[in-house]
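Student: Following is a predicted model, sequence given first.
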Amino acid sequence: HVQLVESGGGSVQAGGSLRLSCVASGGRISSYCVAWFRQAPGKDREGVANMTTDSRSNYADSVKGRFTISRYTAKNTLYLQMNGLKPEDAAMYYCAARVCWQSAFAYWGQGTQVTVS
């Protein structure tokens, strides 16, 4: 089973940028449908961006034009480039993976915290 480890979170001022990384092991990240989710305190978890195995991507309306999901297969890593950060982007961010024909994301990282002031 693939294992996922996120990094890259931190504290940034509004308008700033961060790049989150999610390193996969035990499987090739390119073989899975992948996504970034986030959850702020007291709020439901929400999908931020997702990518299929053929690199089609989708974004939540709230981040469209500011966030970019990408995948670097040579490093078996998924990224989330976040620009123009807003206070409402503050949350714990998680990467997740699923076998594409399955609907549920079975594999999750431990999360990385993003704070925007």
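Tutor: Noted; the coordinates are in hand. Given the structure is predicted, the values throughout are model-derived calculations rather than measurements.

Student: from here on, contacts and neighbour counts on C-alpha atoms
Tutor: Fine.

Student: center of this structure, which residue is that?
Tutor: Taking C-alpha atoms, centre = their mean as the criterion, Trp36 is the residue nearest the geometric centre of the chain, at 2.6 Å.

Student: My read is that that one contacts Ala49, right?
Tutor: Yes - in this structure Trp36 lies within contact range of Ala49 using C-alpha atoms under 8 Å: 5.4 Å.

Student: Bridged to the residue nearest to the centre of the chain, which residues?
Tutor: Ala49, Cys95 (DSSP bridges).

Student: Report the contact partners of it.
Tutor: With contacts defined as C-alpha atoms under 8 Å, 6 or more residues apart in numbering, the neighbours of Trp36 are 47-50, 80, 93-96.

Student: Dump these into JSON lines; add neighbour count, distance to Ala74 and pLDDT as well.
Tutor: Below are the contacts of Trp36 laid out as JSON lines (neighbours: other C-alpha atoms under 10 Å; distance: C-alpha to C-alpha, whole Å; pLDDT from 0 to 100):
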{"residue": "Gly47", "neighbour count": "17", "distance to Ala74": "25", "pLDDT": "98"}
{"residue": "Val48", "neighbour count": "24", "distance to Ala74": "24", "pLDDT": "98"}
{"residue": "Ala49", "neighbour count": "23", "distance to Ala74": "21", "pLDDT": "98"}
{"residue": "Asn50", "neighbour count": "23", "distance to Ala74": "19", "pLDDT": "98"}
{"residue": "Leu80", "neighbour count": "23", "distance to Ala74": "17", "pLDDT": "98"}
{"residue": "Tyr93", "neighbour count": "28", "distance to Ala74": "23", "pLDDT": "98"}
{"residue": "Tyr94", "neighbour count": "26", "distance to Ala74": "21", "pLDDT": "98"}
{"residue": "Cys95", "neighbour count": "31", "distance to Ala74": "18", "pLDDT": "98"}
{"residue": "Ala96", "neighbour count": "27", "distance to Ala74": "19", "pLDDT": "98"}
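
Student: Kind regards, and thank you for your time.
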